[in-house]
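> give the three-dimensional model of this entry:
(one chain, ligands or ions: 2)
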Amino acid sequence: MSTHTPRILVLDEDRIMQDSLSQFLRREGYVVSTTDSPDAAVAKMESGQIDILLADLNIAGVKPGAFLRDIRRSHPQVVVILLTGYGSIEQAVDAIKAGAFDYLTKPIIDDEIRVTVEKAARQHALLFENYALRQQLDSRFGLENLIGRDAKVQKIVDVVNAVAEGRTTVLMTGESGTGKSLLARGIHQRSPRRDRPFIEISCGALPETLLESELFGHVKGSFTGAVSDKPGRFLSADGGTIFLDEINSASPAMQVKLLRVLQERKFEPVGSTQTTTVDVRVVLASNCDLQQLVAEQTFRQDLYYRINVVNIRMPSLRDRKGDIPLLAMHFLRLYCKEVGREIIGFTEAALAALTAYAWPGNVRELENAVEHSVVLSKRPQIDLSDLPETLHGVTGYDPFAEPRAALDGLFNGLLNDPMPLERALEMPERTIIKAALKRNNYNRQATASELDINRTTLYKKMRKYKLDVGGEEE
Ligand SMILES: Nc1ncnc2c1ncn2[C@@H]1O[C@H](COP(=O)(O)OP(=O)(O)OP(=O)(O)O)[C@@H](O)[C@H]1O
Ligand SMILES: [Mg+2]
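Ligands and ions are numbered 1, 2, ... in the order given. Next up is the predicted model:
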């Protein structure tokens, strides 16, 4: 989130209006500047100094619709509040369509402007968050296309970088949709073999006999249907990488053959006595625990030792929730590009639901959810209602989750301990404010918006409860 005090520009030809608005907003704690020139306003936005624009566009020579659309395009992070004359509701509606965030009707009432500007500040912080996510995606880290800042992912990237160079066998385990196939390709791309073939084959997809000939090839006439010689995938992958997916479903006979090829890089095609030698890097994936299969004696222990040289465990998405916004933004960009849409990001409610959901289908399910939303959304931001229905019931955002436990304890005490109501309410109030301050890094603007009180009220209460500087009280 943006942590600075929101900077507001007031654009109005009326000097008295400029003065009264800027005085009021400064008292509310904002940084305020004023101008009567649309060109000067644009220049100021260009220099990146403005977060919120409060504008009366009833200025000769200005077409409000075009002006607002321009801002939306060139300065999407600026939140615009339109000031309109009394009774020009139509102008206000057009303005919202053109990209204004909200409007205020003159004469302007203190409470209205306070609430509207606070909402705009929240919106700005959110846009900033979406923007920051995009920036993060732009600054490359780790492997191409493998998105993740979580330490578990970064560690995987380190391992891949360390082993990519050689021919070491790599085993990946993890739930479906965690990125095993993506990573297998990443290992190949990072290796000196990148210009040679990358061959992917799923051991669970073919019956045993077919799999054997598919992998190792066969000679003409070796079995019914073998009408000509076939080289097999291991040979096709010579010089490159072979990715054996779902290795856990390989049959016992197949396991013996695999063991040999891993040990000696040698095999015989089906129906042949001639030995073939290949140079392949073998990458394998399993979506269940192979050690367990060894214990159950359905997977050969010697083969397990042979392939368990470098074992990469792909974390489930719910175990790296911090990466969800980043991944969501990555897929948003991807699908917007694909279908030619312009969506700037996610609303707070949508992000909260995405983060709270358990994602049994991991990254694949998240990718599908975002694609679904991009196709269906009609707005410039993905909202909760655009997400698949499974996410609608997920209530992610709960600012009071943290102090709830503390409050439970307090209430129990209060119920047994008679005292005046006002005093009884002080303790829970202090706990709530303290937790909110902590959660917002002692940013008072953010804390006040979260608690839906104005900043003056927050200051007073902080003073009253001695929650002042940095919170290192007590
Ligand atoms: N870290 C990531 N960053 C970006 N995209 C990812 C990431 N992890 C997975 N994906 C994407 O999610 C989808 C599913 O990933 P992938 O097919 O690699 O999973 P998998 O573990 O091989 O699943 P399965 O076990 O079902 O084969 C793919 O479209 C992939 O590009
Ligand atoms: Mg896969």
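> which parts of the chain sit against ligand 1?
145-148, 174, 176-182, 287, 327, 330, 363-364, 367 (C-beta under 6 Å from any ligand atom). (Glycine included, C-beta is placed from N, CA and C.)
> just the CA trace of stretch 59-76, in CSV.
Taking C-alpha atoms only, stretch 59-76 is exported to CSV below (Å, rounded to 0.1, in the frame of the first residue of the first chain):
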residue,chain,number,x,y,z
ILE,A,59,-14.3,25.7,-17.7
ALA,A,60,-14.6,27.4,-21.1
GLY,A,61,-12.9,25.3,-23.8
VAL,A,62,-12.8,22.1,-21.7
LYS,A,63,-14.8,19.0,-22.8
PRO,A,64,-15.2,17.2,-19.5
GLY,A,65,-15.7,13.7,-21.0
ALA,A,66,-12.6,13.9,-23.2
PHE,A,67,-10.6,15.5,-20.4
LEU,A,68,-11.5,12.7,-18.0
ARG,A,69,-10.9,9.9,-20.5
ASP,A,70,-7.5,11.4,-21.1
ILE,A,71,-6.6,11.3,-17.4
ARG,A,72,-7.8,7.8,-17.2
ARG,A,73,-5.6,6.8,-20.0
SER,A,74,-2.5,8.8,-19.2
HIS,A,75,-2.7,8.8,-15.4
PRO,A,76,-4.6,5.8,-14.4
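> in PyMOL, how would I select just the buried ones from the residues of the chain next to ligand 1?
To isolate the buried members of the residues of the chain next to ligand 1 in PyMOL, using 16 or more other C-beta atoms under 10 Å:
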select buried, resi 146+147+148+174+177+178+179+180+181+182+287+327+330+363+364+367
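> out of the residues of the chain next to ligand 1, who's near ligand 2?
Contacts with ligand 2 within the residues of the chain next to ligand 1, counted by C-beta under 5 Å from the ion: 180, 181.
> point out the ones among the residues of the chain next to ligand 1 that are inside helices.
Among those, the subset assigned to helices under DSSP state H consists of 180, 181, 182, 327, 330, 363, 364, 367.
> show me where the stretch 301-450 of the chain has strands.
Under the criterion DSSP state E, counting those that start in this stretch, the stretch 301-450 of the chain contains strands at 310-313, 345-346, 381-382.
> need the ones you listed in a markdown table with mean neighbour count, distance to residue 133 and mean pLDDT, can you?
A markdown table is the format used below for the strands of the stretch 301-450 of the chain (neighbours: other C-beta atoms under 10 Å; distance: least, C-beta to C-beta, whole Å; pLDDT from 0 to 100):
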| stretch | mean neighbour count | distance to residue 133 | mean pLDDT |
| --- | --- | --- | --- |
| strand 310-313 | 16 | 26 | 95 |
| strand 345-346 | 24 | 7 | 91 |
| strand 381-382 | 22 | 13 | 90 |
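> dump the residue contacts of the residue in the chain that ligand 1 sits nearest to.
Closest approach between the chain and ligand 1, counting by C-beta to the nearest ligand atom: residue 179, at 2.7 Å. For residue 179, the contact set (C-beta atoms under 8 Å, 6 or more residues apart in numbering) comprises 146, 314, 362, 363.
> try 10 Å this time
Neighbour list for residue 179: 143, 145-148, 153, 156, 172, 186, 314-315, 317, 327, 362-364 [criterion: C-beta atoms under 10 Å, 6 or more residues apart in numbering].
> mind checking pLDDT for it?
Reported pLDDT at residue 179 in the predicted model: 95.
> cool, and the one 3 residues further on?
If you check residue 182, the pLDDT there is 93.
> same question, residue 398
51.
> same thing with residue 316?
For residue 316, the predicted pLDDT is 96.
> can you tell me, leaving aside adjacent residues, what's nearest to it?
Nearest non-adjacent residue to residue 316, counting by C-beta to C-beta, 6 or more residues apart in numbering: residue 175, 5.3 Å away.
> what's the burial count for that neighbour?
Residue 175 has 20 neighbours, counted by other C-beta atoms under 10 Å.
> on that earlier part again, farthest-apart pair in the ones in helices among the residues of the chain next to ligand 1, please.
Maximum pairwise distance in those, criterion C-beta to C-beta, is 17.9 Å, between 180 and 330.
> any weak-confidence spans in the protein?
For the chain, applying pLDDT under 70 flags the ranges 1-3, 87, 138-144, 395-417, 469-474.
> closest to the centroid, which residue in it?
Nearest to the mean C-alpha position of the chain, by C-alpha atoms, centre = their mean, lies residue 325 at 1.8 Å.
> quick one, what contacts that residue?
Contacts for residue 325 (C-beta under 10 Å, 6+ apart) come out as 129, 130, 132, 133, 136, 345, 346, 351, 354, 355.
> my read: the last one touches residue 394, true?
Yes. Using C-beta atoms under 10 Å, residue 355 is in contact with residue 394, at 9.1 Å.
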